[in-house]
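Engineer: Predicted model follows, preceded by the sequence.
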Amino acid sequence: MSALYNFDLATAWAFIIAFAVFMYVVMDGFDLGIGILFPTITVGKERDAAMNSIAPVWDGNETWLVLGGGGLFAAFPLAYAVVLPATYPLIIIMLLGLVFRGVAFEFRWRDERHQTFWDFAFFGGSLAAAMAQGMILGALLQGVEVDGRAYAGSWFDWLTPYTLLTGLGTVAGYALLGSTWLIIKAQGRALDHAYRMAKPAFFVTLGLMVAVSLYTPFLEANYYSRWFTYPNVLFAAQVPLLTGIIVFTLLRALVKRRTHQPFLLSLALFLLGMAGLGVSMWPHIVPPAITIWDAAAPQSSQIFMLVGTAIIMPVILIYTGFAYWVFRGKTGEEGYHS
């Protein structure tokens with residue numbers, strides 16, 4: 001037991017939550033991306049095929065959002081108590097968007113008379129949830145005003161040009177994930193459309209990613225020193241270098257109409273984006289005032305939860321992997337809801 005106490009539990013939990021957030025982006029990002037792209041997809045069989053490509057897995061993907069939010073509440077209660085009041089409007093918008101997306105997903109098949117409305121709700125819910133998630137990230141990165149152990153900012157501190165930029169970047173990135181997922185799953189005209197949509201989504205995502213990357217170091221002096229002072233720059237420079245390689249390889253895969261590479265490389269792009277986020281923020285969980293150690297729950301609580309997580313997380317990974325394996329391959333307009 002003493003070895004457990006000597007282990008840096010706060011760091012372990014920070015990585016567990018970061019992993020859960022990344023898995024949510026991986027799993028639910030392409031679901032939301034398909035919703036964002038839905039108005040561009042031809043009404044009828046092509047929309048049905050797009051829906052069926054995510055039908056068996058979309059609701060299970062949100063397990064990771066619950067794990068990330070629950071882990072933040074349990075492992076870093078101070079951060080949870082500060083971040084939520086700072087972003088309540090965005091969290092409400094995100095949750096309402098996810099509710100609308102989920103309801104529309106089921107009702108468009110059962111209420112065909114109002115399918116146009118439910119299709120719009122699927123698009124609107126997906127767009128709102130993606131935009132809100134990106135703006136929450138931006139609000140956290142730009143810094144949260146804290147007085148003692150409580151949020152001290154105003155109701156609209158989260159609404160800035162920077163948060164709008166990160167929100168739009170998330171929307172574009174999810175659209176890229178959605179289009180590259182459809183490249184794997186679609187056939188015929190739907191496949192051709194997926195390739196057509198992937199290229200503009202790629203270029204918009206790249207442009208917004210560059211804009212956010214250039215903006216972020218100037219938000220806080222600590223961010224700037226992490227990216228541009230020696231010897232930090234030797235480590236930090238690996239992130240943009242690897243991103244450049246991924247960008248070139250992804251564009252080449254789209255031009256050559258590869259099947260699986262575009263989606264996997266898009267995930268790698270998101271992973272490097274999270275790595276850049278880590279370079280900027282570490283070790284703060286609520287910049288610029290609260291570190292992971294300041295916000296950490298008591299060690300006994302962290303150990304208790306770590307044991308449970310060590311049991312449940314492999315189970316989640318196994319059943320998620322099994323679900324994707326069972327429903328692998330191309331989908332058509334006849335499927336889960338037919």
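Structural biologist: Right, received. Where do you want to start? Residues are numbered from 1 along each chain as shown.

Engineer: C-alpha from now on. contacts and neighbour counts both.
Structural biologist: Fine.

Engineer: Does residue 108 touch residue 121 like I think?
Structural biologist: No - contact criterion CA atoms under 8 Å: residue 108 and residue 121 do not qualify, at 9.5 Å.

Engineer: residues of whichever helix in the chain runs longest that come out buried?
Structural biologist: When the chain is parsed with DSSP state H, its longest helix is helix 77-110. Neighbour counts over helix 77-110 (16 or more other CA atoms under 10 Å) mark 77-83, 85-87, 90-91, 93-102, 104-105, 107-108 as buried.

Engineer: ok now that helix, how far from the chain's centre?
Structural biologist: Put simply, helix 77-110 sits 13 Å off its chain's centre (CA atoms, centre = their mean, to the nearest Å).

Engineer: Give the other helices and strands that it contacts.
Structural biologist: When contacts are defined as 3 or more CA pairs under 8 Å, 6 or more residues apart in numbering; DSSP states H and E, helix 77-110 sits against helix 63-75, helix 115-141, strand 150-151, strand 284-286, helix 292-295.

Engineer: so the host helix or strand of residue 301 versus helix 63-75, what angle?
Structural biologist: Assessed by DSSP states H and E, residue 301 sits inside helix 299-326. Angle between the axes of helix 299-326 and helix 63-75 is 180 degrees (criterion: axes from the mean of the first three to the mean of the last three CA atoms, to 10 degrees).

Engineer: picking that back up, report the angle between the longest helix of the chain and helix 115-141.
Structural biologist: The directions of helix 77-110 and helix 115-141 differ by 170 degrees, with the same axes, to 10 degrees as the criterion.

Engineer: quick one: average confidence on helix 77-110?
Structural biologist: Helix 77-110 shows a mean pLDDT of 88.

Engineer: Kindly report the same for stretch 165-185.
Structural biologist: Summarised as a single mean, pLDDT over stretch 165-185 is 93.

Engineer: And that stretch, how far out from the chain middle?
Structural biologist: 10 Å.

Engineer: next one: stretch 198-214
Structural biologist: 15 Å.

Engineer: Likewise for stretch 256-275?
Structural biologist: A distance of 14 Å separates the centroid of the chain from that of stretch 256-275, by CA atoms, centre = their mean.

Engineer: Now do the buried residues in that stretch.
Structural biologist: Buried residues in stretch 256-275, counted by 16+ other CA under 10 Å: 258-259, 261-263, 265-274.

Engineer: so who does residue 107 touch?
Structural biologist: Residues near residue 107 by CA atoms under 8 Å, 6 or more residues apart in numbering: 115, 118.

Engineer: pLDDT weak spots in the stretch 1-150 of the chain?
Structural biologist: The stretch 1-150 of the chain contains residues with pLDDT under 70 at 1-7.

Engineer: if you set the cut-off to 90 instead, what comes out?
Structural biologist: 1-15, 17-18, 20-31, 38-86, 98-120, 122, 140-150 (pLDDT under 90).

Engineer: now the stretch 151-300 of the chain
Structural biologist: For the stretch 151-300 of the chain (pLDDT under 90), the answer is 151-159, 184-194, 213-240, 256-260, 270, 273-300.

Engineer: What segments of it are strands?
Structural biologist: Remark: strands assigned in the stretch 151-300 of the chain by DSSP state E, counting those that start in this stretch are 284-286, 290-291.

Engineer: Throw the ones you listed into CSV and include mean neighbour count, thanks.
Structural biologist: Shown next, in CSV, are those (neighbours: other CA atoms under 10 Å):
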stretch, mean neighbour count
strand 284-286, 23
strand 290-291, 18
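
Engineer: Count the neighbours of residue 312 for me.
Structural biologist: Applying other CA atoms under 10 Å, we find 12 residues neighbouring residue 312.

Engineer: Which pLDDT value does the model give it?
Structural biologist: 87.

Engineer: ok so, going back, and the helices and strands packed on helix 77-110: which comes nearest residue 30?
Structural biologist: For the helices and strands packed on helix 77-110, proximity to residue 30 was assessed by CA to CA; helix 115-141 is nearest, at 10.3 Å.

Engineer: Just the buried positions in that closest one, please.
Structural biologist: For helix 115-141, the neighbour count (16+ other CA under 10 Å) marks 118-141 as buried.

Engineer: In a markdown table, list the helices and strands packed on helix 77-110 along with distance to residue 199.
Structural biologist: Shown next, in a markdown table, are these (distance: least, CA to CA, whole Å):
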| stretch | distance to residue 199 |
| --- | --- |
| helix 63-75 | 28 |
| helix 115-141 | 19 |
| strand 150-151 | 41 |
| strand 284-286 | 35 |
| helix 292-295 | 39 |
